[in-house]
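Participant: I'd like to go over a predicted model; first the sequence, then the structure.
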Amino acid sequence: MMGFTFKTQFYYKKNTMKRISFLILLSALALGACDSAPKENEEEKITEADRPKTRLDSLKERMGGNLATGTEVDKAAAAFGEKVAMEAAGILRSNLQGAMEEGGVEQALVHCFEAAETLHQPLAQKYEAQISRVSHKPRNPDNEASGHEKELISILQSQLKTGEEVPALKEETDAFTYYHPIITQQMCLNCHGVKEQDIAELDLMTIELMYPTDRATGFKAGDIRGLWKVRFSKNRLQQEMNSKEAI
């Protein structure tokens, strides 16, 4: 009887130990599986870090500043830059239309040659901003766009076709630079269209005489042929924002 009891207890203890060992092994495997599974936050970080860079991402890095990302200050800076750019464009358009009415395309070319660079000085003083035009195909070589600005022109041209919104605001340590595309209108083709098709022969001779290195032709209606460039300090922007809050 004693032998039977001992064997039974031994058998019971032996099987119990096996079960316990088996349960411990299963627990260890389960914990290992949980630890090895990527966490949701880690997946997001890896996805973001490994995300292929777009042309806009690369442009942001190379411009030495950041294109606007949509903060309230960015929106205020873009609105201020847009206001200045639109006023500048309106002044130029009004002057060119007056010159066209006075003496046709030739008179408009002469007016542009003589007054275009000083035309916006009063506006620049009013807004304490630097106002200029830059182009990948400039008429005046002094208006040659930088490499980053040429890339921006290309991106904005693609934007016109896709409807995608691309920020056109560069932030620096103490200033903003706002860019507004100059879109070729039908009347612009008289001076900036295709040679011997849109531009009259005599007008083309005038262009070549005034601008021996001219590259600002060959455009079609709807093409971006340059950018309005408005640069202003953050202090000036703060004044503009304070004046709006006081109203």
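Facilitator: Perfect, thanks for sending it.
Participant: who's in contact with Ile207?
Facilitator: Contacts for Ile207 were tallied using CB atoms under 8 Å, 6 or more residues apart in numbering; they are 109, 139, 191, 199, 214, 217. From N, CA and C alone the C-beta is placed, and that goes for glycine too.
Participant: and the third one, how many neighbours?
Facilitator: The burial count assigned to Cys191 is 24, neighbours taken as other CB atoms under 10 Å.
Participant: ranges for the strands of this protein?
Facilitator: Under the criterion DSSP state E, the chain contains strands at 66-67, 129-134, 169-171, 175-183, 224-233.
Participant: contact partners of the second one?
Facilitator: Which is strand 129-134. The contact list for strand 129-134 (CB under 8 Å, 6+ apart) reads 84-85, 88, 120, 123-124, 143-146, 149, 182, 226-232, 236.
Participant: report the buried residues of it.
Facilitator: Within strand 129-134, the residues scored as buried using 16 or more other CB atoms under 10 Å are 129, 131, 133-134.
Participant: let me know the average pLDDT across the top helix by length along the chain.
Facilitator: As assigned by DSSP state H, the longest helix anywhere in the chain is helix 72-115. In this model, helix 72-115 has an average pLDDT of 92.
Participant: angle of it against strand 129-134?
Facilitator: Here helix 72-115 points in a direction 60 degrees away from that of strand 129-134 (axes from the mean of the first three to the mean of the last three CA atoms, to 10 degrees).
Participant: how far off centre is helix 72-115?
Facilitator: With CA atoms, centre = their mean, to the nearest Å as the basis, helix 72-115 stands 23 Å off its chain's centre.
Participant: how close does Glu144 sit to Gly218?
Facilitator: Distance, Glu144 to Gly218, using CB to CB, to the nearest Å: 16 Å.
Participant: could you do Asp142 as well?
Facilitator: Look at Asp142 and Gly218: by CB to CB, they are 20 Å apart.
Participant: neighbour-wise, which of these two wins?
Facilitator: Using other CB under 10 Å as the criterion, Asp142 and Gly218 rank with Gly218 on top: 15 against 9.
Participant: so the more buried one makes contact with His136?
Facilitator: No - using CB atoms under 8 Å, Gly218 makes no contact with His136, being 11.6 Å away.
Participant: residues near the nearest residue to Glu128 once chain neighbours are set aside, how many?
Facilitator: Nearest residue to Glu128, sequence neighbours excluded (CB to CB, 6 or more residues apart in numbering): Arg236, at 4.8 Å. Residues lying near Arg236 (other CB under 10 Å) number 15.
Participant: shaky segments in the chain?
Facilitator: Where the chain drops to pLDDT under 70, the residues are 1-70, 165, 167, 246-247.
Participant: show the end-to-end separation of stretch 213-225, please.
Facilitator: For stretch 213-225, the first-to-last residue distance is 16 Å (CA to CA, to the nearest Å).
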